[in-house]
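**Student:** Fold the following and give me the result.
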Amino acid sequence: MLRRRPPIIIDIEASGFGPAGYPIEIGVALDNGTKYCSLIAPAPGWTHWDPDAEKLHRVTRDVLRAHGKPIPEVARKFNALLADRTAYSDGWVVDRTWLDQLFFAAGIPRAFSLSQIELILTEPQMEIWHATKDALVAEMGERRHRASFDAYVVQETWERTWHATTEGKVAAR
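**Tutor:** Here you go, the predicted structure:
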């Protein structure tokens, strides 16, 4: 019997929440348990910076300048990790925009798909999603709000809701 693997999850942190924001960090939780994350050096035209976004992700402009990788390098790495596969996001509307922005700036086509996590959730999973995620975050204690960690939290929430609902652990209504 084949073991079911969890979905691949992507999360992206950005310089701001509005249309002027750009991706500053991308992380992935792969279906084999591996996690990968990279800070992204801003493109020359990427200048917007929202202090409220910085308070959330805690990545300063100086850290980004010092440790951000070139956009084409980040895009190639994610193409290599995810080629011909589908990754999922719980913030698809914004993550898709930032992912497209990253690959456009890199000048290379994206070799993988990004889809909404909701498309692979059952109704019973959706019913317990937020409570499960909140319990998981509380169990893990204070952690940094960073892309690969956030991707892991979504993946683990999917796992826990899948097991709870598939194994009949959800009480009948």
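
**Student:** where does this protein dip in pLDDT?
**Tutor:** Judged by pLDDT under 70, the chain has its weakly predicted residues at 1-3, 142-144, 167-173.

**Student:** Where do the strands of it begin and end?
**Tutor:** Ranges of strands in the chain, per DSSP state E, are 8-14, 23-29, 35-39, 86-89, 113-116.

**Student:** and the last one, what other elements does it pack with?
**Tutor:** Using 3 or more C-beta pairs under 8 Å, 6 or more residues apart in numbering; DSSP states H and E as the contact definition, the elements that strand 113-116 packs against are strand 86-89, helix 92-106. (Each C-beta comes from the backbone N, C-alpha and C, glycine too.)

**Student:** The first one too?
**Tutor:** Packed against strand 8-14, as judged by 3+ C-beta pairs under 8 Å, 6+ apart, are the following elements: strand 23-29, helix 51-57, strand 86-89, helix 92-106, helix 147-166.

**Student:** hey, which of these is tucked in deepest?
**Tutor:** strand 23-29 (a mean of 26; mean count of other C-beta atoms under 10 Å).

**Student:** what's in contact with it?
**Tutor:** Residues from elsewhere that reach strand 23-29 (C-beta atoms under 8 Å, 6 or more residues apart in numbering): 6, 8-15, 35-40, 42, 57, 59, 64, 68, 74, 78, 81-82, 87, 98-99, 101-102, 146-152, 154-155.

**Student:** before we move on, the earlier item: I'd like the helices and strands packed on strand 113-116 laid out as TSV, including distance to residue 131.
**Tutor:** TSV is the format used below for those (distance: least, C-beta to C-beta, whole Å):
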stretch	distance to residue 131
strand 86-89	20
helix 92-106	21
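
**Student:** How about the contacts made by residue 74?
**Tutor:** 26, 38, 40, 102, 106.

**Student:** Make CSV from the strands of the chain and add distance to residue 126 to it.
**Tutor:** CSV is the format used below for these (distance: least, C-beta to C-beta, whole Å):
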stretch, distance to residue 126
strand 8-14, 16
strand 23-29, 20
strand 35-39, 25
strand 86-89, 14
strand 113-116, 12
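
**Student:** dump the residue contacts of the nearest residue to residue 68 once chain neighbours are set aside.
**Tutor:** For residue 68, ignoring the flanking residues on the chain, the nearest one in space by C-beta to C-beta, 6 or more residues apart in numbering is residue 41 at 3.4 Å. Residues in contact with residue 41 (C-beta under 8 Å, 6+ apart) are 64, 65, 68, 69, 70, 71.
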